[in-house]
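**Q** sharing a sequence plus its predicted fold:
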Amino acid sequence: MKTIASELTNHEDGFLKDKKYLIMDRDSMFSKAFRDFLRGRRREASSATTAQPEFECLYKLILFGETAARQAVRGFLVHYHTERNHLGLGNELIVAMNRPPDIDSG
């Protein structure tokens, strides 16, 4: 993994060349030594939280096109904000919304 971390942070063409942060899943291959190596190269490594909302939605669907993806995300946002209880909020709902926020990118 040290070799991979070295390649990621390569000063010429590494994936993390101009990046400060790396968000990883909780796989055991991302060991303390891997994180320490990244930190030594001035990169901050953090673990993604479990059960992220966008993954709950998108990992279960096969989408054909941008329109389908937008509709799926919009529908999930409505569910996530108005119908799903949140343990971090005392098992309450997030403030109910009249309509989901626009997700148009331009």
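**A** The structure has been received and is ready for your questions.
**Q** tell me which residue lies farthest from the centre of this structure.
**A** The centre of the chain is farthest from one residue, Glu12, which by CA atoms, centre = their mean lies 26.3 Å away.
**Q** okay, and that residue sits in which element?
**A** Assigned by DSSP states H and E, Glu12 falls within no helix or strand.
**Q** now do the helices in this structure.
**A** 2-8, 32-40, 53-58, 66-82 (DSSP state H).
**Q** looking at the ones you listed, spot the one closest to Leu89.
**A** helix 66-82 (11.3 Å; CB to CB). Just so you know, the C-beta spots here come from the backbone N, C-alpha and C atoms, and that holds for glycine as well.
**Q** elements contacting the closest one?
**A** Helices and strands touching helix 66-82, by 3 or more CB pairs under 8 Å, 6 or more residues apart in numbering; DSSP states H and E, are helix 53-58.
**Q** thinking again about what came up before, worst average pLDDT in the helices of the chain?
**A** Least confidently modelled of these is helix 53-58, at a mean of 61 by mean pLDDT.
**Q** would you map out the domains in this protein?
**A** Per the record, the chain has its domains at 2-47, 51-106, by automatic domain parsing.
**Q** rewinding a little: export the helices of the chain to a markdown table and tack on distance to Lys17 and mean neighbour count?
**A** Below are these laid out as a markdown table (distance: least, CB to CB, whole Å; neighbours: other CB atoms under 10 Å):
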| stretch | distance to Lys17 | mean neighbour count |
| --- | --- | --- |
| helix 2-8 | 9 | 14 |
| helix 32-40 | 13 | 14 |
| helix 53-58 | 26 | 14 |
| helix 66-82 | 29 | 15 |
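**Q** turn these into a markdown table, including distance to Ile23.
**A** What follows is the helices of the chain, written out as a markdown table (distance: least, CB to CB, whole Å):
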| stretch | distance to Ile23 |
| --- | --- |
| helix 2-8 | 13 |
| helix 32-40 | 12 |
| helix 53-58 | 12 |
| helix 66-82 | 19 |
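**Q** and those helices: which comes nearest Leu93?
**A** Of all the helices of the chain, it is helix 66-82 that lies closest to Leu93, at 6.5 Å by CB to CB.
**Q** centre of the chain to the closest one, how far?
**A** Helix 66-82 has its C-alpha centroid displaced from the chain centroid by 16 Å (CA atoms, centre = their mean, to the nearest Å).
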